[in-house]
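Chemist: need a 3D model of the following:
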Amino acid sequence: MVLLQDGREIPFGPDERFPVYRTSITAEREPIDPYTRKLIYARDGYRCKHCGRQEVYLQLDHIIPWSANGSDRSDNLRSLCGDCNEERSNYGDLFGMRVVGVTRACYWCTRPDEMDEDAFEVDPEDRIRAYCGRCGLTSWVPSESWIL
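Modeler: Predicted coordinates for the structure are as follows:
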């Protein structure tokens, strides 16, 4: 088990299951925005992040499952084919524990005329890497609020 900052323990290996903290009966759940879903698939190259198959029908997988209080933010979601998603269920795994979040536009896309020293007004330690929906590159955003 791995202890998260919020005090929750998560499985470290594929033989351990995440604990169930919520179910669809106990909590309301909004569907994932179609635009965010599209950006996640694009970030992942329209391939399963586990087996690498290019699938027409990809599914979004919560790295920390929703039932274990995992968020619906893009940095907790990855593309998996149906077989890999079903096999994974809510078991822990080391593959792909961290992914880059997605954003509608990165810093450079929102400020195209300021690509000089003014562009670095954000402290480098506060920057967050993100996949940009506008330019299709992994760049940076100035705060977590930019992550979808």
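Chemist: low pLDDT regions in the protein?
Modeler: 1-14, 94-97, 112-122 (pLDDT under 70).
Chemist: mind listing the strands for this structure?
Modeler: 2-3, 9-10, 59-62, 77-80, 101-103, 128-132, 138-141 (DSSP state E).
Chemist: can you spell out which helices and strands pack onto the fifth one?
Modeler: I take that to be strand 101-103. helix 34-43, strand 128-132 (3 or more Cβ pairs under 8 Å, 6 or more residues apart in numbering; DSSP states H and E). Quick note: C-beta positions are derived from backbone N, CA and C, even for glycine.
Chemist: ditto for the third one
Modeler: Judged by 3+ Cβ pairs under 8 Å, 6+ apart, strand 59-62 is in contact with strand 77-80, helix 82-88.
Chemist: please identify which of the strands of the chain is closest to Y46.
Modeler: Relative to Y46, the nearest member of these by Cβ to Cβ is strand 77-80, separated by 7.3 Å.
Chemist: which residues touch the closest one?
Modeler: Applying Cβ atoms under 8 Å, 6 or more residues apart in numbering, the contact partners of strand 77-80 are 32, 40-41, 44, 46-50, 58-63, 88, 96, 99.
Chemist: sheet partners, orientation included, of it?
Modeler: Strand 77-80 pairs in its sheet with strand 59-62 (antiparallel), by DSSP bridges.
Chemist: pull the residues that contact the strand it pairs with.
Modeler: Residues contacting strand 59-62 (Cβ under 8 Å, 6+ apart): 32, 37, 40, 49, 70-72, 76-82, 84-85, 88.
Chemist: of the residues you listed, keep whichever come out buried.
Modeler: The neighbour count (16 or more other Cβ atoms under 10 Å) marks 32, 37, 40, 49, 70, 72, 76-81, 84-85, 88 as buried among the contacts of strand 59-62.
Chemist: of the residues you listed, closest to R127?
Modeler: Nearest to R127 among the buried ones among the contacts of strand 59-62, with distances taken as Cβ to Cβ, is N76, at 19.5 Å.
Chemist: show me what contacts D33?
Modeler: L148.
Chemist: give me the phi and psi angles of it.
Modeler: D33 adopts backbone torsions of phi -50, psi 130, taken as degrees, to the nearest 10.
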